[in-house]
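Participant: Dropping the sequence and predicted coords here.
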Amino acid sequence: VSPLHLIHNQDPWNDSLIGGVTIRKNERTGNIFIARVIHGGLADRSGLLHPGDKLVEVNGQKVRGLQPERVIQTLVQSQGNILFKVIPNSPQPANSQPLYMRAMVDYSPLQDPAIPCPDAGMAFSKGDLLEIVDQRDIRWWQARKLHSASLCCGLIPSTNQFRYKQRELWWSQPYQPSCYSCGVSSCYNTSATICEEVLHYQRHIDDPPRLIVLIGPSGVGVNELRRRLIKINPNTYQGPISYTTRSQKMGEKNGREYNFVTKEVFAYMVVNHKFLEYGEHNGHMYGTSLDSVKDVLDNGKICVIDLEPHCIHSVRTKTLKPYIIFVRPPSPARMRQTRKDPHFLDKDFEEIEEASRTMEAKHRQYFDCVIVNDDLQDSCMDLFTAIQHAQEEPQWIPASWFAPDHL
Ligand SMILES: Nc1ncnc2c1ncn2[C@@H]1O[C@H](COP(=O)(O)OP(=O)(O)OP(=O)(O)O)[C@@H](O)[C@H]1O
């Protein structure tokens, strides 16, 4: 039995966790155990308490048989030194290598009835980069947000726990477009994952350039930015030649403006999954094929495409390693000032803003970068800088893009 001294921290986060540990009662024996030690918290920094340690006394008071809430109350009320008497458990090693994940959903521990200790939970939003520092509990991991000022970790559901929760909900509930009952928005989608493992990737000089994908609400200026970028530096950037079923106009050359094909050929290409994206406009079909993107890359140029957000999955492959840039509109008032196109009506600017908000809420976990298209020249510069970063600086990309092909 070893007596330990911990200084009680007045930080309210630690108060509710009793100095950065959560405790649990064994209902059969009445013993109280340390369930987990929160990484970066007070107890962790002391190095004195470990998961599985049996708590015998707190400030001289025996705790066996007490409810955990009662023990917490004693601790919350104590001032200054706290004396724990514990029977240590041999500590298990935490992960030797931290795991890095990108959050694919929004999560709030306060809305998750399954979490063992909501105060110890960590909220996160789609797109946040998380460092998973402890996976010893198969249901609840300890994680911290990268680029956050706090070194302290919080509990998040493991991928197993998330899947289990999704399956449970799928069987128990009628259809709900969005569900907050497990703390996770859009948890009803059984194919969703809570996080995607990511690795820090530095493109090698011999690797093909990453595909640059521009996404934004219709009218925000995605095409304008893309056109300008290619026009300013045609030796570096290029767009793929699209396929169309519309007839060739005077002055157009097959393979230059478009690849002109018959409806039958187009349909054949659709069935054989040749297109990253395709759609209909004015009664004609248009499509961007994977092969035409590869042609640009094979020419040693940076391929820049614009894409509808529902087609993001078609480009998220290890071959293309896309860098996805979301083009966001400025405020409607700013759009009114900057957009000189007479086709725009006042209500269009409100609609563009609304569409942008919806698009971002749904897909922001896939965006590597966001550009606000306010002043056109500034936005072109921002785009140029973002593309340079994508090609020349280390970026977080899905770990699956490194997996061997046969897996
Ligand atoms: N920053 C800007 N300042 C002023 N005008 C802009 C700016 N960006 C785009 N525009 C103008 O706004 C109009 C719409 O731009 P664009 O055609 O690129 O939109 P889009 O996002 O590609 O939408 P769609 O997919 O519907 O064509 C064009 O007239 C374009 O010149």
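Facilitator: It's in. Numbering: from 1, shown residues only.
Participant: which residue ranges form the strands in the stretch 301-407 of the chain?
Facilitator: Using DSSP state E, counting those that start in this stretch, the strands of the stretch 301-407 of the chain run over 302-306, 323-328, 369-372, 395-398.
Participant: could I get those strands as a markdown table with mean neighbour count and distance to the ligand?
Facilitator: In short, each C-beta sits where N, CA and C put it, glycine included. Shown next, in a markdown table, are the strands of the stretch 301-407 of the chain (neighbours: other C-beta atoms under 10 Å; distance: least, C-beta to the nearest ligand atom, whole Å):
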| stretch | mean neighbour count | distance to the ligand |
| --- | --- | --- |
| strand 302-306 | 22 | 7 |
| strand 323-328 | 23 | 7 |
| strand 369-372 | 18 | 9 |
| strand 395-398 | 18 | 25 |
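Participant: need these in CSV with mean pLDDT, can you?
Facilitator: Formatted as CSV, the strands of the stretch 301-407 of the chain follow (pLDDT from 0 to 100):
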stretch, mean pLDDT
strand 302-306, 97
strand 323-328, 98
strand 369-372, 98
strand 395-398, 96
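Participant: can you put these in CSV and add distance to Leu130?
Facilitator: Formatted as CSV, these follow (distance: least, C-beta to C-beta, whole Å):
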stretch, distance to Leu130
strand 302-306, 29
strand 323-328, 19
strand 369-372, 19
strand 395-398, 11
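Participant: Out of those, the one nearest Asn160 is which?
Facilitator: strand 395-398 (19.4 Å; C-beta to C-beta).
Participant: Quick one: list the elements packing against that closest one.
Facilitator: When contacts are defined as 3 or more C-beta pairs under 8 Å, 6 or more residues apart in numbering; DSSP states H and E, strand 395-398 packs onto strand 99-103, strand 195-201.
Participant: Looking at those, which one is packed in the most?
Facilitator: Counting by mean count of other C-beta atoms under 10 Å, strand 99-103 has the highest mean neighbour count of the helices and strands packed on strand 395-398, with a mean of 20.
Participant: Can I get that one in PDB, CA atoms only?
Facilitator: Provided in PDB are the C-alpha atoms of strand 99-103 (Å, rounded to 0.1, in the frame of the first residue of the first chain):
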ATOM      1  CA  LEU A  99      -2.400   7.600 -33.800                       C
ATOM      2  CA  TYR A 100      -3.600  10.600 -35.800                       C
ATOM      3  CA  MET A 101      -7.200  10.900 -36.900                       C
ATOM      4  CA  ARG A 102      -9.400  13.400 -38.700                       C
ATOM      5  CA  ALA A 103     -12.900  13.700 -37.200                       C
END
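Participant: Report the angle between that strand and strand 195-201.
Facilitator: With axes from the mean of the first three to the mean of the last three C-alpha atoms, to 10 degrees applied, the angle from strand 99-103 to strand 195-201 works out at 120 degrees.
Participant: Show me the contact partners of strand 99-103.
Facilitator: With C-beta atoms under 8 Å, 6 or more residues apart in numbering as the test, strand 99-103 has contacts from 124-132, 135, 143, 146, 194-200, 365, 396, 398.
Participant: Just checking: what are the partner strands of it?
Facilitator: Strand pairing for strand 99-103, determined by DSSP bridges: strand 129-134 (antiparallel), strand 195-201 (antiparallel).
Participant: who touches the residue nearest to the spatial centre of the chain in this structure?
Facilitator: In the chain, the centroid-proximal residue (C-alpha atoms, centre = their mean) is Gly127; its distance is 2.7 Å. By C-beta under 8 Å, 6+ apart, the contact set of Gly127 is Arg102, Ala103, Arg364, Gln365, Phe367.
Participant: let's see it at 10 Å
Facilitator: Arg102, Ala103, Met104, Asp106, Glu360, His363, Arg364, Gln365, Tyr366, Phe367, Asp368, Val370 (C-beta atoms under 10 Å, 6 or more residues apart in numbering).
Participant: and the stretch 1-150 of the chain, which residues reach the ligand?
Facilitator: For the stretch 1-150 of the chain, the contact set with the ligand under C-beta under 6 Å from any ligand atom is empty.
Participant: From Asp368, how far off is the closest residue to the ligand within the stretch 1-150 of the chain?
Facilitator: Closest to the ligand within the stretch 1-150 of the chain is Gly127: 21.9 Å, counting by C-beta to the nearest ligand atom. Going from Gly127 to Asp368 by C-beta to C-beta, to the nearest Å gives 9 Å.
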